[in-house]
Structures are given as C-alpha cells and as structure tokens.
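Asks: Coordinates only, no sequence provided:
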C-alpha cells in the first residue's frame, strides 16, 4: 500500500512549538511535507499575497520528511505546495497546532483555519488544531492523543467534499471530546492608541471576546469551558440557504 | 427622523474608482463615514493586523461625509470605525465596489467580503458589491441603479442577524438581478517563478478559475454568465449543521 502523504502548515511560523509537535505526531501516519510561513502570520485568515512576490526556502529534504518555509500567508503555503512541491494530491492536510484559540468567530480571522479551508477547497480532508494558550512555550502534551485519534478517524472515514474540521482544546487536563457548532460571539475592539517619538499617533489592535451564546451548551465555546476538546465541522459554502426563499420575495 | 448612518470601506484602497462611485451613491441615503485602506489590499480576506501598529489618516470631515484611510486591512477599517470613529452603530455597512469578481469561492479570499462579514459579526446589515472587471478605470455606471435598489431594500427589510450579502455584476449591459447560491469551484494556482538579479528565485501568484458547478443554474457563476447581477446571502456561522449527526458517530 502506498504510504499516506500529509501536508502540514500553520500560521505561527515554521519554528513554532505547535507545528513541531504536529509534525512529530503526523510522521507516524505517512510521508510529511511541511510548508509553513517563515514568521508569525497570525490573523491572516484566507489572505493571499498578490501585491508582492513570495520566496520559498527548503529546510529539510529527507525522504518522507520535507520542510519548507515561505514568505507568504498560510493559504499561500497550501497553494504553493499544490503547484510546486506535491507530486500527487495529499491524503490529509493538517494545520497548527495553533498557539491560541480559534473557536467561535475567530475561525474567520484565523490563518490556521484559512489554510484548512484552502485544503478543503482542493477537496482534501483538512483539519486545523488549536490550543487555547498563546504562549510560545505552551504545553501541547495533553492534546496529543486526541490529535492522533482525530487523524486516525479522518483517515478512516474521510470528510464530505466541502467540509473540514476546526478542533480546539483548552489548556490543562482534558475530560473528553465533543462535536459541536461554532459559538456565537464577537471581538469587541479597544484599539490601544499611542504616540510615536515624532508625535504621530498609531494604534495596536486589542479587545475582548463577547460571548453571545446565551447559555447554549452545544457550542465550541461551551465545550471548551467544560475542559473538553471541541470539533466543529466547517463549510466552504457560505450561502445562507435557509434565507434564499425570503430574499427572493424582495423587490429587486 | 434621524438620518441614516452608513459606513463604507473596500479593499482596493480609498482612491479606487469603485469606492468613490459607492460613496456618491450612498450619500443620497444618509451620513457617510468612509474608512478604507490607504492602498490596495486585495486578497486580504478577513485578515487583521496584529504584528504591526496601524495608522489612521483623516482626509475629509464635512458634516455627513467624513473620510479616513488607514494602513490596515479592510477588517481593521471596520473595527477601527466601531472603536474610534462612530458615535453610534451604523444602519448599514457597504464594501466595494470591488474592481474584480468576488463570486464563488473568491468570497473566501476577498477583502471586500471580509469587511462585510465583519460588519455582519457586529450585527449591522452589510453588503459587498463587486464588478467583474479589475481594470482601475472600470465602468460602474450600468451597476449603479441596481446598487441603489439593493440599498433601498436592505434599509427597508434589514437582514437576519448573522447574514450579509455578496453582490456581483458582470461588466457591460445588465439583464436583471437574481438571488442565488455560492458557485462551486476553485482557483488552480500556477505560480510564476522568476529569478531576481541576485540569482534568487521568487514566485508571483497566478492561475485560473476551475468551475465545478456541473451545469447548475442556481449559482452566482451561472447568473453572472447570463448577464445578471447575482446576490448570494452569506452566513457568519460556518458550521456544517447537516454533517453534525454523522460526525457524532465517529469513535473519538
């Protein structure tokens, strides 16, 4: 049987502890190709680099374990891998492990999940892993056996075309795993205004998360609070199919 | 009656013909606040700027018509407006008119639509407009009366919480408007490899769109081919609700 081929990327950059953990887990399941940003590209969503050229650098080319970094976004990494580095479609695309949560609406801003959605658009089973701990030396060890089980189940069952997985874990001891829906909430911005030595103002993005779940227990936010790993299946098709009939009644 | 307040942004930058066209249309419906990128930020998706500070510049502060540019992404523009510039929640958020199509999966990469989804996360009726013509001097005149009608209908009916609109128009004469779903397809990358004067390789992203609709006539791609304006309602909740029961059967 041909060995599985697994493409790995992230948004914290190729040197992050999270992606190194994920590489080490994935190696047991097949040949690994890593193409990851050369630096942190957090919050890059599904951004692509169109205004400037991208550079690609080979780090390691062992047979069965190749690693590259690129100056582009997580989505650029997936696209470059497909066009220039893969000799066949991979069996699996993994992204992460992100240093920080990507639950609820954070899925929209997440570069980790941007890469996963890109893999899904290419019709490859794709999974993003995130730990609710943004520290550079975060401890991923409690999450590892869960990641293994998820990889095994995805390789066994596959995923529907157009659907990928957003997996999050709380930090510290885990008490299981649960399938759930994307939580409802938003980031409320409080830009931090400062003044540079030349008297010009600038802003740093900052803020807090406002949970709008109103007590729902089937959301990723809630599952994470119960110390469980959350899995949300995510769709490439953003259409609000339920609203289509109503919208067709408008006088347009 | 209090005048309507309309927030406008785009991803082609504050000087683009498309946003100037949209400002001129929107002025008839209320007070306009423009916060747009200071340069082209195409393909920025829902990216936010976390690695560097953002600068904001006031261009015009007429009562009822204020304009600002910022160094951030389209989503940063919306977030900055909410935190620093708006004295109350706007009645409407408009993005565009984009120079270039944002139909089908391009909704994922689109900075225009990133800003619209951000507006929707803030529970404001939000609409993105795109013309299938990326030229800087594209002709938007045939699209204007459709944009007016859509603005009027959105102000009249509102939009469901968590749902926004992705409106695209073909270039040239229009033959109506249709509500439809997001087309199925993908961009197939063909990165253009070049070598700089210092013998180092670099890549430009390029490629072609692969339509995977298989003859469906209810997609934005198809509607645009019939010379009509397409409107797709887009959801903030990415959960694949239909797949949840099946996924719960996995041995996780």
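Replies: Now that the structure is in, tell me what you want to look at. Computed from a predicted structure; not experimentally measured.

Asks: Contacts made by the lengthiest helix in chain A with the rest, please.
Replies: Determined from DSSP state H, the single longest helix within chain A is helix A:144-157. Under the criterion Cβ atoms under 8 Å, 6 or more residues apart in numbering or on different chains, residues A:4, A:21-22, A:25-26, A:28-29, A:91-92, A:94, A:97, A:125, A:127, A:129, A:165, A:167, A:169, A:174, A:177, A:229, A:231, B:250-252 lie in contact with helix A:144-157. To be clear about C-beta, it is placed using only N, CA and C from the backbone, and glycine gets the same treatment.

Asks: Next one, pLDDT for the residue lying closest to residue A:125 once chain neighbours are set aside please.
Replies: Excluding its sequence neighbours, the residue lying closest to residue A:125 (Cβ to Cβ, 6 or more residues apart in numbering or on different chains) is residue A:159, at 4.4 Å. In this model, residue A:159 is scored at 98, pLDDT.

Asks: contacting residues for residue A:159?
Replies: Contact analysis of residue A:159 by Cβ under 8 Å, 6+ apart lists A:120, A:125-126, A:165, A:233.

Asks: Sort out which of the residues you listed are buried, if you could.
Replies: Neighbour counting with 16 or more other Cβ atoms under 10 Å in any protein chain shown marks A:120, A:125-126, A:165, A:233 as buried within the contacts of residue A:159.

Asks: Name the nearest of those relative to chain B.
Replies: Using Cβ to the nearest Cβ, residue A:233 is the member of the buried ones among the contacts of residue A:159 that lies nearest chain B, at 4.0 Å.

Asks: Does anything pack onto the strand or helix carrying the closest one? Which helices or strands?
Replies: Assigned by DSSP states H and E, residue A:233 falls within strand A:229-235. Applying 3 or more Cβ pairs under 8 Å, 6 or more residues apart in numbering or on different chains; DSSP states H and E, we find strand A:229-235 packed against helix A:111-121, strand A:163-169, strand A:177-179, helix A:220-225, helix B:244-247.

Asks: hmm, back to that, in the longest helix of chain A, which residues are buried?
Replies: A:146-147, A:150-151, A:153-154.

Asks: Run through the strands of chain A in chain order.
Replies: Along chain A, counting by DSSP state E, strands occupy A:5-9, A:31-37, A:56-62, A:65-70, A:92-99, A:126-131, A:163-169, A:177-179, A:185-189, A:192-195, A:201-204, A:207-211, A:229-235.

Asks: Minimum distance to residue A:244: which of those has it?
Replies: strand A:229-235 (15.3 Å; Cβ to Cβ).

Asks: Could you give the average pLDDT over that closest one?
Replies: Rounded mean pLDDT across strand A:229-235 is 98.

Asks: Name the surrounding residues that touch that strand.
Replies: A:103, A:107, A:113, A:116-117, A:120, A:143, A:146, A:150, A:159, A:162-169, A:174, A:176-182, A:220, A:223-224, B:238-240, B:243-244, B:247, B:252.

Asks: Pull out the buried members of those.
Replies: A:103, A:107, A:113, A:116-117, A:120, A:143, A:146, A:150, A:159, A:162-169, A:177-182, A:220, A:223-224, B:238-240, B:243-244, B:247, B:252.

Asks: So stretch A:241-252, near chain B or not?
Replies: Yes - Stretch A:241-252 reaches chain B (Cβ under 8 Å from any Cβ of the partner chain) through A:241, A:243-244, A:247-248, A:250-252.

Asks: wait, I meant stretch A:91-105
Replies: Yes - using Cβ under 8 Å from any Cβ, stretch A:91-105 reaches chain B at residue A:105.
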